[in-house]
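**Student:** the following block contains a protein sequence and its predicted model.
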Amino acid sequence: MTKSHTIFISDLHLSEMYPKTAELFFQFLKKHAKDADALYILGDFFEVWVGDDDRNPFNENIKTALRDYTASGIPVYFMHGNRDFLIRKHFAKETGVTLLKEPTVINLYGERILLLHGDSLCTLDERHQKSRKIMHNYFYQTMVLLLPLKIRKHYGNRFRTASGQRKSHLPDNIMDVTPDEVIRVMTAANTNTLIHGHTHRPAIHAIDINNVPAKRIVLGAWHNKGSYLKISNDSEVALLNFS
Ligand code: MN
């Protein structure tokens, strides 16, 4: 069997405020992800996304890098996070990525794997769950996208500041996933492996679902270093960093 692998990333929070992270992403595509069977991006790829019509130079550079990567023949699958939920089909068309619904179950090298951004698992954060319901409403999104770009940019900045301040004040158990919810969604999806991001707590957790050993893999956030999960076709699983 020839060894091959698939890569998962999330929570890059790409923004013109953090040019270093964008550099890491370009380096990642050229070096670390260049031989992948596929690349999965599980949300919060951008720090904030106010609409596919926001064609500022920073966004265009990221899109070009993604387009060159998909053009090399490697499929990229993209799931929304709670910060870039306004990414739509124009972005997908321009970059060649395939948008994924949440949740998605994939079959990877013979194993069923559940993919989530991860915020839906943080059920103790009631305020976030309420706003999540609204953010994921297609009608609401369409109404927002009808606003002038300038106004959306203004609200995007406010949203980013407010979200950052709130997170820094929340207790630990509210910021993290609810264990019962993890069991519930994995049982419903009939899978023993879950991959998600959002919490910025990279780890491979061994868990037990109805007396069967299972795994919850949490992807790491990027900032001054890159972070990715590599799953090989011989079942090797590695969470890796680079800078
Ligand atoms: Mn998130």
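**Tutor:** That came through fine. As the structure is a computational prediction, the values presented were derived from the model and not from experiment.
**Student:** scan the chain for its longest helix.
**Tutor:** Using DSSP state H to define each element, the chain has its longest helix at helix 149-167.
**Student:** pull the helix or strand with minimum mean pLDDT from the chain.
**Tutor:** Here the helix or strand of the chain ranked lowest by mean pLDDT, DSSP states H and E is helix 172-175, holding a mean of 75.
**Student:** mind checking how far that helix is from the chain centre?
**Tutor:** Remark: helix 172-175 is offset 19 Å from the chain centroid, using Cα atoms, centre = their mean, to the nearest Å.
**Student:** ok, now which ones touch Ser227?
**Tutor:** By Cβ atoms under 8 Å, 6 or more residues apart in numbering, the contact set of Ser227 is 9, 202, 219-221, 239-241. In short, each C-beta sits where N, CA and C put it, glycine included.
**Student:** taking the residues you listed one by one, which sit in strands?
**Tutor:** Counting by DSSP state E, the part of the contacts of Ser227 found in strands is 9, 239-241.
**Student:** top of those residues by neighbour count?
**Tutor:** Among these, Ile9 has the most neighbours (other Cβ atoms under 10 Å), with 24 neighbours.
**Student:** so, low pLDDT: which residues of this protein?
**Tutor:** 166-169 (pLDDT under 70).
**Student:** hey, where'd the strands end up in it?
**Tutor:** 5-9, 39-42, 76-79, 98-100, 104-108, 111-115, 193-196, 203-209, 212-218, 226-232, 237-242.
**Student:** which one is Ala189 nearest to, not counting chain neighbours?
**Tutor:** Leu114 (4.5 Å; Cβ to Cβ, 6 or more residues apart in numbering).
**Student:** that neighbour touches Thr187, doesn't it?
**Tutor:** No. Using Cβ atoms under 8 Å as the test, Leu114 is too far from Thr187 to be in contact (10.3 Å).
**Student:** residue contacts, Thr70?
**Tutor:** 76, 95-97.
**Student:** any chance of the ones in strands among the contacts of Ser227 in JSON lines with distance to Tyr138 as columns?
**Tutor:** Formatted as JSON lines, the ones in strands among the contacts of Ser227 follow (distance: Cβ to Cβ, whole Å):
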{"residue": "Ile9", "distance to Tyr138": "26"}
{"residue": "Leu239", "distance to Tyr138": "34"}
{"residue": "Leu240", "distance to Tyr138": "36"}
{"residue": "Asn241", "distance to Tyr138": "36"}
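**Student:** up against the ion, what does this structure have?
**Tutor:** 44, 81-82, 198 (Cβ under 5 Å from the ion).
**Student:** considering the residues you listed, which possesses the most neighbours?
**Tutor:** Result: Asp44 is most packed of the residues of the chain next to the ion (other Cβ under 10 Å), 29 neighbours.
**Student:** could I get the phi/psi values of it?
**Tutor:** Main-chain torsions, Asp44, degrees, to the nearest 10: phi 50, psi 40.
**Student:** spatially nearest residue to it, not counting backbone neighbours?
**Tutor:** Counting by Cβ to Cβ, 6+ apart, Gly81 is the residue found nearest to Asp44 once chain neighbours are left out, at 3.3 Å.
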